[in-house]
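1. build me a model from this:
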Amino acid sequence: MAARIAKAIEHVEHPNCYLPTFLPHGSAGGVPRVAARQAVVVRFTEQETVTGLFSKDCILPCPFSPGDYEVIYWQKGDKIVHSYYDQSDQLERQDPDYRHRTHLFHENIPSGNASLKLSNLTVTDEGSYNCYVGTQQTKTEVEVMLHVRDQLSSVEGSSTAIPCEYSNNTTNNEGVSVVWTLNRNAVISVLASFNGTSHSYQPRVQINQNDFSLKLCDLTANDSGEYLCNISTPHYTKLTARTLQVACCGKGLNRWLLSVATNCPQN
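-> Numbers count the residues shown, from 1 in each chain. Below you'll find the model as predicted:
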């Protein structure tokens, strides 16, 4: 195996075939690429789309044709997400953002499964991922688009605060405009806005003028839905989506405690 890794890559002038071997460690991002002595079939698949929930785990699919000497390489842009060769994980050059958060299903690799489990999803995980798998027989490339949704849970009668992503690089809110809307069953309702001063257009809602989060008091099941925070500054515009699920019940002491925690008035 060591002799294979030491070889340089070779090419054949053919649109569908090449004769690669292994790149030495430290080349091509530190991940060896596999090839066979015979012509290799290059297999591309259509883009996959995966939606995960914030702080939860999700699986990015990457099927390939089983072969010998598997090399698996997951990448997001120029970030190395996960590498595997020599029948083990190779994480020395893994990007710090993914440390202790990635997992391959080693027992399923021989059968053609290079899917990656990504744990504790964050909003910054959203984007396009590329999976490269090389064996002596074939080379496969799969693109996976990951969408991350933030689902909040609460109970009827309680209160909550829905965050809005905002990078505050100034000491004041001059030039900042914020609009909160609710998308429920394809019906859009404007809840509140901020443009120097805050305005509420629905009962039980209020914008926090420090971080522009949305406070909701005395929740009901009808408050379930997708909340959108559209924030505009002289430098950028950003839309943040949060999903709120309100379950039944939650009266008495729990309601009082949550109302106090978010500074909401009690009925």
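
2. who does the lengthiest strand in the chain pair up with?
-> The longest strand of the chain (DSSP state E) is strand 138-155. Here strand 138-155 is paired, per DSSP bridges, with strand 41-44 (parallel), strand 48-53 (parallel), strand 127-134 (antiparallel), strand 237-247 (parallel).

3. any idea which of those is most buried?
-> Comparing the strands paired with strand 138-155 by mean neighbour count (mean count of other C-beta atoms under 10 Å), strand 127-134 comes out on top with a mean of 20. All C-beta spots, glycine's among them, are computed from the backbone N, C-alpha and C.

4. what does that strand contact?
-> 20, 33-35, 60, 62, 64, 70-77, 81, 114, 116, 139-146 (C-beta atoms under 8 Å, 6 or more residues apart in numbering).

5. now it: mean pLDDT?
-> Averaging pLDDT along strand 127-134 gives 95.

6. next one: stretch 158-177
-> Stretch 158-177 comes out at a mean pLDDT of 76.

7. switch to numbering from 107
-> Okay, residue one is now 107; in that scheme the one you just asked about reads as stretch 264-283.

8. give me the neighbour count for residue 280.
-> For residue 280, the count of nearby residues is 9 (other C-beta atoms under 10 Å).

9. how about the secondary structure of it?
-> Counting by DSSP: H, G, I helix; E, B strand; the rest coil, the backbone at residue 280 sits in coil.

10. any idea what sits nearest it, other than its immediate chain neighbours?
-> Nearest residue to residue 280, sequence neighbours excluded (C-beta to C-beta, 6 or more residues apart in numbering): residue 302, at 8.0 Å.

11. quick check, the one you found in contact with residue 281.
-> No. The criterion here is C-beta atoms under 8 Å, and residue 302 misses it with residue 281 at 9.2 Å.

12. re earlier: among the contacts of strand 233-240, name the buried ones.
-> Buried subset of the contacts of strand 233-240 (neighbour count, 16 or more other C-beta atoms under 10 Å): 126, 139-141, 166, 168, 170, 176-182, 187, 220, 222, 245-248, 250, 252.

13. among those, which lie within strands?
-> Among those, the subset assigned to strands under DSSP E consists of 166, 177-182, 187, 222, 245-248, 250, 252.

14. sorry, back to before: now the strands paired with strand 244-261 in a markdown table, with distance to residue 202?
-> Listed next are these as a markdown table, based on distance: least, C-beta to C-beta, whole Å:
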| stretch | distance to residue 202 |
| --- | --- |
| strand 147-150 | 30 |
| strand 154-159 | 20 |
| strand 233-240 | 17 |
| strand 343-353 | 24 |
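
15. so which helix or strand takes in the nearest residue to residue 345 once chain neighbours are set aside?
-> Among residues not flanking residue 345 along the chain, residue 336 sits closest, at 5.2 Å (C-beta to C-beta, 6+ apart). Assigned by DSSP states H and E, residue 336 belongs to strand 331-338.

16. partner residues bridging residue 261?
-> If you apply DSSP bridges, the partners that residue 261 bridges to are residue 353.

17. can you give me the neighbour number for it?
-> 18.

18. is it true that it touches residue 324?
-> No. At 11.3 Å, residue 261 and residue 324 do not qualify as touching, with contact defined as C-beta under 8 Å.

19. got any ranges where the stretch 257-373 of the chain has weak pLDDT?
-> 273-278, 355-373 (pLDDT under 70).

20. quick one, helices of it?
-> Ranges of helices within the stretch 257-373 of the chain are 358-367, based on DSSP state H, counting those that start in this stretch.

21. against residue 284, how distant is residue 269?
-> From residue 269 across to residue 284, the span is 12 Å (C-beta to C-beta, to the nearest Å).
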